[in-house]
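# Sequence and predicted structure below; questions after.
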Amino acid sequence: MSHPSRRGALRLTAGAALLGSLSLAGCGRGDDNAAPAATSKPVDNSPAQGTVDVWAAQGDANVLDEVVKPFKAANPELKVKLTLIPNAEYYTKLQSAIAAGKGPDVAQFFPESQAQFLDPSILRPVPEGLVEPSAFFTSLWDAGVAKSVAYTVPWYAYTYALVYRSDLARQAGVKAPTTWDDMVPFFKALQRAGAGHALGADIGWDIFNGQDVAMYAWQAGGSLLSSGGKWTLDTPAMVDAITYNASFFTSGVADTSGPTFLDAQPYFVSGKTACMITGPWVVGQLDAVAKKTGWTASHVATAPLPAGSSGSVSFSAGGSWGVLADSGNADAAWKLIRYISEPSTQVAQYKAYSSLPAVAAAWANPAIASQPLLDAFLAQLKNTRAFPQVSTWQQVATRLGKEMEAVARGSGTAAKAAANVQAYAESLGTGKG
């Protein structure tokens, strides 16, 4: 996992998505009557033919041409045209192309920020029988479902877990925390063992901080939307979540002045911090930061997130694929997506780029199963939820990040922050209707 941080890439992608968060339903895609029905005809096993135009964000898709070589060899009458677009521009360019009726056959999406695309005027429903929904981590599949119709197929996965300095934990004589109550004592023990601050907390106070507190709210038994689609953010669970996050700063185990996002790993390696709540890409980057092969194996451990009153819950994120409604070669497009979803292809993608599989069975492959630092992420992926599949969620999460800052700095209360973000969310609505 030596490639750049996915969160760094997604920081840019999310910004682009916010700029283009308008509803795309029915925008410039020709005759509305051309939208597909709620189900698509089954995809057979005949060879794929013609040309399939694929758009993807730079990153995990950089190796896609190589990964799908066996599929292209088995389908010699097929041409796969892959266009890679910088993350910062990806959703903006995709939305513009869709609105102009000039989009690709297949497009990559991000499960945590694809809600505005889940509409029959934009994407074709996943054909019945193309893949087995239960083969994927549940929350990743659910992220592509709107009004009981699946529009995207998960590709790669990630979630957050606790990454910590195992050498300092051994020196302090402590084990990884398993509950909220264990967290600050664990962090303080690592500081006594020599860490400057125990937790290297992200201080961007942006959408990603908001996503962090969302998972804490789930851990506290809360929800973000009611079953009726109403925002439920001004709740005791959200107050507990914001208070929990602030406790890291008010207790002195995290610092509101740093590290910044880009400093997180150098701080961790140097001992200025000793823990990160982060994604699996970090595991493969620390040896390079330490400039020493094997440093990670002797200095780092991972653990699932400590549990609140409702358990250890995290969020799911990653990549997914969809076929545009006006694709001229949907049959071949779906066949390509089906191939990418096969466990063996998911393992090939992991070997090529360290993209962690969205198909649970692929994790049993020795290439992945032999990596002990990934165990916590697998355990956590089995207990994840999808962020609200509404187009305004990213704006709400960004506001939540800002509200958290005041509480962490001691200039606001968690109750007031929850009330403020609820009022803001209600003013935005959910982007429906």
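Cool, the structure landed.
# where along the stretch 201-350 of the chain do the helices fall?
Secondary structure of the stretch 201-350 of the chain (DSSP state H, counting those that start in this stretch): helices at 207-219, 236-250, 264-270, 286-290, 295-299, 330-340, 343-353.
# Out of these, flag the one nearest Val174.
Between Val174 and these, the tightest spacing by CB to CB is seen for helix 295-299, at 15.5 Å. Where you see a C-beta, it was placed from the backbone N, CA and C, and this is true even at glycine.
# Now the closest one: buried residues?
Neighbour-count burial for helix 295-299 flags 296, 299 (criterion: 16 or more other CB atoms under 10 Å).
# How about stretch 129-142?
130-131, 133, 135-142.
# Format the residues you listed as JSON lines; extra columns: secondary structure, pLDDT and distance to Tyr244.
As requested, those are arranged in JSON lines below (DSSP: H, G, I helix; E, B strand; the rest coil; pLDDT from 0 to 100; distance: CB to CB, whole Å):
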{"residue": "Leu130", "secondary structure": "coil", "pLDDT": "98", "distance to Tyr244": "41"}
{"residue": "Val131", "secondary structure": "coil", "pLDDT": "98", "distance to Tyr244": "37"}
{"residue": "Pro133", "secondary structure": "helix", "pLDDT": "98", "distance to Tyr244": "33"}
{"residue": "Ala135", "secondary structure": "helix", "pLDDT": "98", "distance to Tyr244": "34"}
{"residue": "Phe136", "secondary structure": "strand", "pLDDT": "98", "distance to Tyr244": "30"}
{"residue": "Phe137", "secondary structure": "coil", "pLDDT": "98", "distance to Tyr244": "25"}
{"residue": "Thr138", "secondary structure": "helix", "pLDDT": "97", "distance to Tyr244": "25"}
{"residue": "Ser139", "secondary structure": "helix", "pLDDT": "97", "distance to Tyr244": "22"}
{"residue": "Leu140", "secondary structure": "helix", "pLDDT": "97", "distance to Tyr244": "26"}
{"residue": "Trp141", "secondary structure": "helix", "pLDDT": "98", "distance to Tyr244": "29"}
{"residue": "Asp142", "secondary structure": "helix", "pLDDT": "96", "distance to Tyr244": "25"}
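# Kindly indicate which of the residues you listed lies nearest Leu373.
When these are ranked by distance to Leu373 (CB to CB), Phe137 comes first, at 18.7 Å.
# my guess is the closest one contacts Arg385, does it?
No - using CB atoms under 8 Å, Phe137 is not in contact with Arg385; the gap is 10.7 Å.
# Brilliant, that's me finished.
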